[in-house]
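# let's see this in three dimensions:
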Amino acid sequence: MGGVLIADADSNRGRRIEAACDELGLTTRVVTHGAAALETALADPPAVMIAQLGLPLIAGEKLGEILLTNPRTADVALVFLTDTSAEAATRGLPGDVIPPPGNAVEVSRLAQRLLSLPAPKEDAEALESEAEGVEGQLAQLPLADLIQLFHVSQKSGVVELSRDLGDGAIDTGSVVLRDGDLIHATTGSVVGEKAFYRLLEWDRGKFDFQPSRRGELDSQPASLEKPTRALVREGLRQAQERARLAGDLPPPDALVRLKIKRAALPIVIHPLTQEVLLVLEGYSRVADVVDHCSFPDYQVLRTLRTLIDRDMVEMSRGSSFGPSESTHGLFAASRGERLREWLAAGRGEEADDSVPTDAKLLVIASDPAAARGFMRSIGRLPGATLAPGAESDANESTAIGSFGRLAVNSDHGIEFVQVPSAEHYAPLWPIAAHGALGVLLVLSSPVSSSLEAISQCAEVLSRMPRARIFHLLLLEKAGGLEPDVLRENLSLFDESALFLIPLSKRGSADVLLREMFVRILP
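Numbers count the residues shown, from 1 in each chain. Modelled structure (predicted):
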């Protein structure tokens, strides 16, 4: 350990301090950000560190805390450079504080005095045998920062992590880097991205990095293939989203189970959803479902939440499931209650007896054939009633008004209101959409001509405040079109607003229509 390390983003000030130290015969090194300062200090600990308090990447105060908790750098004397009077007044800093503008001569003389202080007694043999690794607390240096530091410096080695869970239980994990790139992560029985994203969320515990010589990790199996920066960025994003939605995601100890018959599930579903449904056959506790799915924890929890919201999966916070929730037609009782609250909220402070019983859903079809196909489809659903002559009226491109209703519970439902898509009906579009649950744009094949027919309508309605626009494509032959291609062509802001209904498969069509209405309901 020796010399002075200057860490200052103000390069002019850093050079002045370096020159003043040189005149006093002090050995100096200069860096311009916190990551470089940490790497330099851990590789060759200085006797004195002069650090800007507002240092980029790793702030001076945090940098000091990290060094003081690491056995290799615990004896470094710290000097903090400040840029404002407020920073200079900061209390509790573990070192001397230099007020702005930071006179280079005074700073160099302070460094000289600190170097001349008697060093604490050290065990030379212990220092010589000390490993060249790095250890510390995750509370001081989170794993994300540590990985980015090793990535920049192209380090190879293993980061071992551990944290105390209480009652004698210890949680452990490890991350392997080769030439700065992540190649493997594990915690418990979980490996790969799922394990790495879990470890990134640890906000306490210890880390111990042990370097490896070149070639030692060549035989290490690689469970991580994405670029290191992309892994860290995505892991942090998922951690932030999980923290933000913590109250909405299923808790680990809750129970979940499939609520509908497996035969009623859609034929084509996302691989993540498929895996979650498969795991649900063997496990009912949320934590077990998350553990046994190969996808990252946050994605599994979001999928479970979506399946619960769509009434495809039910959840219990108790030790077992109670009696199944009563339903009316397609919907669980809770859906009717939410609709009632939504209708009441829409009436503001008006009298309770003025609350309507039905919510309006505006339907605009690209052509009469699309309107007829939609009416036939909903006419088969439990709780649906069509107005007399509705399908024959759909043969006309001028049909306006209510054409049917779908019951949500015994008191409330969805009223279907139709307005033509022809351009000269444009003044009616926003009027009809006002106060509606949403707007359902119904298309049929060929998609290009259907899309052209409703494009102006979609553009006008999308400009309305709090617009909720859904696209429903009726497929004469299932599997003939790729959803991703359709989403790209429709240019939807939210891909969840596109529904594909295969008319040739009534069972799948009914399930998908039910899912659509659950999504549309508040």
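# SS state for the nearest residue to Ser444 once chain neighbours are set aside?
Counting by C-beta to C-beta, 6 or more residues apart in numbering, Ser444 lies nearest to Ala370, which is 4.1 Å off, once chain neighbours are set aside. Quick note: C-beta positions are derived from backbone N, CA and C, even for glycine. Secondary structure assignment for Ala370 (DSSP: H, G, I helix; E, B strand; the rest coil): helix.
# now do the contacts for Ala370.
Going by C-beta atoms under 8 Å, 6 or more residues apart in numbering, Ala370 touches Val442, Leu443, Ser444, Ser450, Leu474.
# check what pLDDT the last one gets.
Read that as Leu474. Here the pLDDT value assigned to Leu474 is 83.
# next: Asp353.
Reading off the model, Asp353 has pLDDT 53.
# check Ala394 too.
Ala394 is given a pLDDT of 60.
# circling back to that earlier point, can you flag which of the contacts of Ala370 belong to strands?
If you go by DSSP state E, those have Val442, Leu443, Ser444, Leu474 in strands.
# contacts only, for the last one.
With contacts defined as C-beta under 8 Å, 6+ apart, Leu474 is in contact with Ala370, Gly373, Phe374, Ser377, Val442, Leu443, Ser444, Ser445, Ile501, Leu503.
# among these, which pair sits farthest apart?
Ser377 and Ser445 (15.0 Å; C-beta to C-beta).
# those two - which one has more neighbours?
Ser377 (20 against 16; other C-beta atoms under 10 Å).
# give me the element the more buried one is part of.
helix 368-379 (DSSP states H and E).
# any idea how far the residue lying closest to Phe209 once chain neighbours are set aside is from Thr187?
Of all residues not flanking Phe209 in the chain, Val134 sits nearest, at 4.4 Å (C-beta to C-beta, 6+ apart). Using C-beta to C-beta, to the nearest Å, Val134 is found at 20 Å from Thr187.
# flag the shaky bits of the stretch 301-450 of the chain, pLDDT-wise.
319-330, 347-355, 391-399 (pLDDT under 70).
# meant to ask about the chain
Using pLDDT under 70, the flagged stretches of the chain are 1, 116-132, 214-215, 261-269, 319-330, 347-355, 391-399, 476-496, 505-508.
# domain ranges for it, per the record?
Listed domain ranges for the chain are 4-126, 132-243, 255-324, 334-520 (source: automatic domain parsing).
# which helix or strand contains the nearest residue to Ala222 once chain neighbours are set aside?
The shortest distance from Ala222 to any non-neighbouring residue, by C-beta to C-beta, 6+ apart, is to Ile183 (4.5 Å). Following DSSP H and E, one finds Ile183 within strand 181-187.
# what's the following helix or strand after that strand?
Following strand 181-187 toward the C-terminus (DSSP H and E): strand 190-191.
# neighbouring strands - and their directions - for that next one?
Strand 190-191 sits in its sheet next to strand 181-187 (antiparallel), going by DSSP bridges.
# so how far is the partner strand from its chain's centroid?
Counting by C-alpha atoms, centre = their mean, to the nearest Å, strand 181-187 is centred 21 Å from the centre of its parent chain.
# next: stretch 414-428.
38 Å.
# distance check, Gly282 against Tyr298.
On the measure of C-beta to C-beta, Gly282 and Tyr298 end up 22 Å apart.
# between the two, tell me which one has more neighbours.
Between Gly282 and Tyr298, counted using other C-beta under 10 Å, the more crowded position is Tyr298 (23 against 9).
# ok, that one - contacts?
Tyr197, Gln238, Ala239, Glu241, Arg242.
# mind putting the contacts of Ala370 in CSV, distance to Ala111 included?
Below are these laid out as CSV (distance: C-beta to C-beta, whole Å):
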residue, distance to Ala111
Val442, 76
Leu443, 74
Ser444, 79
Ser450, 75
Leu474, 77
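# please state the offset of stretch 160-180 from the chain centre?
For stretch 160-180 - counting by C-alpha atoms, centre = their mean - the centre lies 23 Å from the chain centre.
# can you check the distance spanned by it, start to finish?
Start-to-end span of stretch 160-180 (C-alpha to C-alpha, to the nearest Å) is 16 Å.
# with stretch 362-382 instead?
Note: stretch 362-382 ends 20 Å apart using C-alpha to C-alpha.
# mind listing what's buried along it?
Along stretch 362-382, these residues count as buried under the neighbour rule (16 or more other C-beta atoms under 10 Å): 362-378, 381.
# coming back round to it: JSON lines for the contacts of Tyr298, including secondary structure, distance to Pro101 and neighbour count?
Converted to JSON lines, the contacts of Tyr298 look like this (DSSP: H, G, I helix; E, B strand; the rest coil; distance: C-beta to C-beta, whole Å; neighbours: other C-beta atoms under 10 Å):
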{"residue": "Tyr197", "secondary structure": "helix", "distance to Pro101": "44", "neighbour count": "24"}
{"residue": "Gln238", "secondary structure": "helix", "distance to Pro101": "43", "neighbour count": "20"}
{"residue": "Ala239", "secondary structure": "helix", "distance to Pro101": "40", "neighbour count": "19"}
{"residue": "Glu241", "secondary structure": "helix", "distance to Pro101": "43", "neighbour count": "15"}
{"residue": "Arg242", "secondary structure": "helix", "distance to Pro101": "44", "neighbour count": "18"}
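# need the max-distance pair from those residues.
Tyr197 and Glu241 (11.3 Å).
# now stretch 64-80: buried residues?
64-68, 70, 72-73, 76-80.
# and those residues, which two are furthest apart?
Arg72 and Phe80 (20.7 Å).
# I'd assumed Gly438 was in contact with Ile469.
Yes. Assessed by C-beta atoms under 8 Å, Ile469 is found in contact with Gly438 at 6.7 Å.
# with neighbour numbers in mind, choose between these two.
Per other C-beta under 10 Å, whichever of Ile469 and Gly438 has more neighbours is Gly438, with 23 against 20.
# and that one, what does it touch?
Applying C-beta under 8 Å, 6+ apart, the residues near Gly438 are Leu361, Leu362, Arg468, Ile469, Phe470, Ile520.
# burial of the residue lying closest to the fourth one once chain neighbours are set aside, as a residue count?
By that I understand Ile469. Closest residue in space to Ile469, ignoring its immediate chain neighbours: Val439 at 4.9 Å, by C-beta to C-beta, 6+ apart. By the criterion of other C-beta under 10 Å, Val439 has 25 neighbours.
# list the contacts of Val439.
Leu361, Leu362, Val363, Ile364, Ala433, Leu461, Ala467, Arg468, Ile469, Phe470 are the contacts of Val439 under C-beta under 8 Å, 6+ apart.
# now those residues in JSON lines, with distance to Lys259?
Below are the contacts of Val439 laid out as JSON lines (distance: C-beta to C-beta, whole Å):
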{"residue": "Leu361", "distance to Lys259": "24"}
{"residue": "Leu362", "distance to Lys259": "30"}
{"residue": "Val363", "distance to Lys259": "28"}
{"residue": "Ile364", "distance to Lys259": "32"}
{"residue": "Ala433", "distance to Lys259": "33"}
{"residue": "Leu461", "distance to Lys259": "34"}
{"residue": "Ala467", "distance to Lys259": "31"}
{"residue": "Arg468", "distance to Lys259": "25"}
{"residue": "Ile469", "distance to Lys259": "28"}
{"residue": "Phe470", "distance to Lys259": "23"}
